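1. turn this into a model:
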Amino acid sequence: MRLTRIKGKVSKGVGEGKYYVNIYSKVIERELGWKPYPGTINIVVDKKTWETVRKLANKDIKGFKYGEEEFHDVYYAKCVLKGVPGIIVFPTVSKHGKNIIEVILPEKIEISAGEDVEILVV
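-> Numbering: from 1, shown residues only. Okay, here's the model as predicted:
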């Protein structure tokens, strides 16, 4: 197993992650065996780091229809942030540029906007 360490800075999000994590929650729980904490942690990285991690995100949560709304595929890579295992997600449709990665964890952690963090991608 190849491990990759990346560094970035926590960025304040706009609150949309909570909505999408709630929608995808059952699928994440079925695929990974844990219920995600509602919301994402946005991490600012450079473009080269984003592209490296995107290439490692080779697992796929298939899109689905929920009510009248259609939700798209999400690629992910397993990771560890502050000792907590989670996933880095790359939605096929996203408002973020190639400098923000989103982390989903099974629990809330103490973290603040502007904080420098290291993520282990597994």
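
2. helices of the chain, start to end?
-> Using DSSP state H, the helices found in the chain span residues 16-32, 47-56.

3. so which helix or strand of this structure has the lowest pLDDT on average?
-> Every helix and strand of the chain was ranked by mean pLDDT, DSSP states H and E. The lowest is strand 64-66, at a mean of 86.

4. picking that back up, between the helices of the chain, which one is closest to residue 71.
-> Closest approach to residue 71 among the helices of the chain (CB to CB): helix 16-32, 6.1 Å. For every residue, glycine as well, the C-beta is placed using N, CA and C.

5. and the closest one, which residues are buried?
-> Buried positions in helix 16-32, judged by neighbour count with 16 or more other CB atoms under 10 Å: 17, 20, 21, 24, 27, 28, 32.

6. packing partners of that helix?
-> Applying 3 or more CB pairs under 8 Å, 6 or more residues apart in numbering; DSSP states H and E, one finds that helix 16-32 contacts strand 59-61, strand 69-71, strand 84-91, strand 100-104.

7. okay, now the residue nearest to residue 45 when sequence neighbours are not counted: neighbour count?
-> Spatial nearest neighbour of residue 45, chain neighbours left out: residue 8 (4.2 Å); criterion: CB to CB, 6 or more residues apart in numbering. Around residue 8 there are 23 other residues, counting by other CB atoms under 10 Å.

8. then the one 5 residues further on?
-> Other residues near residue 13 come to 16 when the count uses other CB under 10 Å.

9. find me the pLDDT at it, would you?
-> At residue 13, the pLDDT value in this model is 78.

10. what's the answer for residue 5, then?
-> So residue 5 comes in at 96 (pLDDT).

11. pretty sure residue 80 is touching residue 103, no?
-> No: using CB atoms under 8 Å, residue 80 is not in contact with residue 103, being 9.9 Å away.

12. neighbour count winner among those two?
-> Using other CB under 10 Å as the criterion, residue 80 and residue 103 rank with residue 103 on top: 26 against 17.

13. wouldn't residue 77 be in contact with residue 121 here?
-> Yes: here residue 77 reaches residue 121: they are 5.4 Å apart, a contact under CB under 8 Å.
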